[in-house]
Each structure stands twice: as C-alpha cells, then as structure tokens.
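*Asks:* Sequence first, then the predicted structure:
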Protein chains: 2
Amino acid sequence: MKASVILAHPYEKSFNHAIFYTAVDCLKKAGVLVFAHDLYAEGFDPVMTVDELGKDPTEDPLVAQYARELTDSDLLVFVHPNWWGQPPAILKGYIDRVIRPPYAYDFDENAQGAPATGKLTGKTGIVFNTSNTPEERENNYFHDPLEYLWGRCVFGFCGMEEGFTRRMFRVVADSTEEIREGWLEEVGLIIERVLEGS
Amino acid sequence: MKASVILAHPYEKSFNHAIFYTAVDCLKKAGVLVFAHDLYAEGFDPVMTVDELGKDPTEDPLVAQYARELTDSDLLVFVHPNWWGQPPAILKGYIDRVIRPPYAYDFDENAQGAPATGKLTGKTGIVFNTSNTPEERENNYFHDPLEYLWGRCVFGFCGMEEGFTRRMFRVVADSTEEIREGWLEEVGLIIERVLEGS
C-alpha cells in the first residue's frame, strides 16, 4: 500500500506540522510506503500556467513527481488549516496543477460540457483540518465549505465517491497542550481505522 | 466612488478577460475610479509567508498596494473561473495575503477564538464566475460552494453582510458567441444596477 501525505502550512512549528508528522509515522509503522510533502518547505509553485489548461503534461518536474505519486497512491491524505473556508493558496494550487486530466480525471474534448470521468476511483481520501472557528458558527453561518470542497468537488469529481474521512480540530487558538495531544492520538486512530477498512 | 476589479485567469483571450474589460469599462464610463488588476499579468505571488500570519505589514510591495486599494474601494469586484468549486490558487492567495488584519478584519490577540471584527463594512461585493458545470449538477451535487465562500467566508466575515451580488455564467465550453455577447451585456447591467443602489 502507498500513500501521498500533503501538508500546507507556513509555520514549521504549527499544529498542522504535528498532525503531518503523526500521520506519516503511523502510516510508516503500518508498513505503508509514504510520499510525504511539505509544500512550503519544498517551494511548490501553486500558479497553474496557461499551458496546463488542457491535457498536456506539465513542464514542472515537482508537479510531475507529485502527479506520479498521486496516481500511484492508494491513500490521499491532506493536512491544512481552514483559511476562509478553503485550503491555503499553496494547496489550492496543488489541486489545480497536480489533480489534472488525463490521469486524475478525463473528458471528451468533442463533448465539452459533458461530465468528466473520474479516474481516482478506488482510492481513499483523508483530510485533517485545523480551525479557529467554533463548530456552531462554522456549520450555521459559513456552512462548512471544506466538507463539500473535498468530498464532492475534489474526491467526488475524480470518482472517489466513497471512502472519504475528514476531521476538523478546533478551536486550535485556545486549545491546551493536553487537548492537542488527544487530537494527535485521534489522528493515529483515524489512520488505523482507514487502513483496517481498506 | 472607487472600485477594485481583480481578475484571475491564465489565458489572455479567456471569457474571464472579456468580463474583466467589460466591468472596468462600465465602471470608468460611470465615473468610478478603478483599480484594475490582472493577477496573472502582474505576476502576483499567492503564497502567504510565515511573517504574514499575524498582523504585521507585508514586505511585498504589490500586496501592500492591493491592500491600500482594497481599503480605499467602495466596490470590490472579482472575476474568476470555477475551479474545483473555488477560485484559482492565484486568487485564493489574494484573499490570504491581501484581505488581512488589522485593516480588513481584526481580532483581539488576548481573546483568541473570539469572532473577528469585520472592517470592510459598507463596501459592496460583486463576483463574476464562469463554469463548465451545468446548474443542476452544481447546485445538487457540488452544493455551489462559491456562494458561501464569497458571501459568508470572505465578505460576511469582513462585515459586508449585505450588498453581495454574484453571477455564474455557464456552460462556457459549449456557449455560442451570441450567448457570450448577451452575458457581457448582463455584466454591464449588473454593474449599473449596483451603482444605482449604492
């Protein structure tokens, strides 16, 4: 089994980093081959080029590497804070540039407007988020956009209709060290549960 | 009256560009002072730095300019395609880096977790989107995330509870020139209507 684990946070001592390292450790201990990437540390460029609008291969070797690993992975894990109900721009750019046709989804260029064909079918997605918004306000005012953004717009679109797990840890800003330790234990339990189910 | 008009599309002959030029022309003809920015053409860097996580001023002169103009504008207009239910990464980075405390919103550093105070109150937002997803699938499967992303997560969060107009033009991929001309007329009508109401 193989997994891509992708992190998007600018501060190297962030709780997102702690989640990332915990997830990578758990997967490795379970014998999974892990492709782990800290997008900030690797200097990933999130700006999709005009040449990448169609199906042509990218000329960016880092994008090409991420794409090969994505296709090769059974498990796709994303770790990021909730910024404006969305991922940070650097991770939005991973979605724009790496999750591309013809390998992540495909479409018939002669039937534009027809639904695309998802090509990541059978893979499992896990998303770990951090947030400083209380649950009630997230759900009732903001409508928790990250749930549909990942579950439907990304994974669903690419054919991963089932097998999507998401956990938002909050409120990080006023959490104690004890609470955060409990959250990291939960990261491990979620990974274990997903591995057992797959 | 002043307006910021922000465009995010990599292809200079895109329909998004046509919307952008139409909006800018309409505003100028109405006597509005327009700050017009094509983020791709200006080489905007969407990656928020670790130093920008708090309230300190940015060191990027382009971000500082956009921020001054944002604060100074009565009308905020964004033009972008629907990519994964979200803006392209380059525009997500504008949101991350330009719409920042303490001028766009603010929070009490001693009461983390408390709701932020929006500071763009009284401004009006307009969002023009293009999409290749049919309306029924957008609303029923994807749940049209852009509506809440802009209306609540960005404008609402910053205190612009009222005065948000959004129009998604679709399906662009199989539209005729005649249809697109009608859409551009509609862009002008929406701008006029908003100017009359404000």
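*Replies:* Good, I have the coordinates.

*Asks:* Now A:Arg180. Nearest residue, chain neighbours left out?
*Replies:* Excluding the flanking residues, the one nearest A:Arg180 by CB to CB, 6 or more residues apart in numbering or on different chains is A:Phe15, at 6.1 Å. The C-beta positions use only the backbone N, C-alpha and C, and glycine is treated the same way.

*Asks:* Please name the residues that touch the one you found.
*Replies:* Contacts were defined as CB atoms under 8 Å, 6 or more residues apart in numbering or on different chains; by that measure A:Phe15 touches A:130, A:169, A:172, A:180, A:183.

*Asks:* Sketch out the low-pLDDT regions of chain A for me.
*Replies:* A:112-113 (pLDDT under 70).

*Asks:* biggest helix in it, by residue count?
*Replies:* Longest helix in chain A, counting residues (DSSP state H): helix A:177-197.

*Asks:* Would you mind listing the buried residues in that helix?
*Replies:* A:180, A:183-184, A:187-188, A:190-191, A:194-195 (16 or more other CB atoms under 10 Å in any protein chain shown).

*Asks:* any chance you could read off phi and psi for the most centrally placed residue in chain A?
*Replies:* Closest to where the C-alpha atoms of chain A average out (CA atoms, centre = their mean) is A:Phe78, at 2.7 Å. Dihedral pair for A:Phe78: phi -120, psi 130, per degrees, to the nearest 10.

*Asks:* Is it bridged to anything, and to what?
*Replies:* Taking DSSP bridges as the rule, A:Phe78 bridges to A:Ile6, A:Val127.

*Asks:* Which residues are in contact with it?
*Replies:* If a contact means CB under 8 Å, 6+ apart, then A:Phe78 has A:6, A:8, A:87, A:91, A:125-128, A:150 as its contacts.

*Asks:* So which of these wins on neighbours?
*Replies:* Highest neighbour count within the contacts of A:Phe78, by other CB atoms under 10 Å in any protein chain shown: A:Pro87, with 32 neighbours.

*Asks:* Next up, the contacts around that one.
*Replies:* With CB under 8 Å, 6+ apart, A:Pro87 has these contacts: A:8, A:78, A:80, A:95, A:146, A:149, B:92.

*Asks:* Now flag whichever of the residues you listed is closest to A:Tyr66.
*Replies:* Checking those against A:Tyr66 by CB to CB gives A:Ile95 as the nearest, at 10.9 Å.

*Asks:* if I look at the closest one, how far off is chain B?
*Replies:* Counting by CB to the nearest CB, to the nearest Å, the gap between A:Ile95 and chain B amounts to 5 Å.
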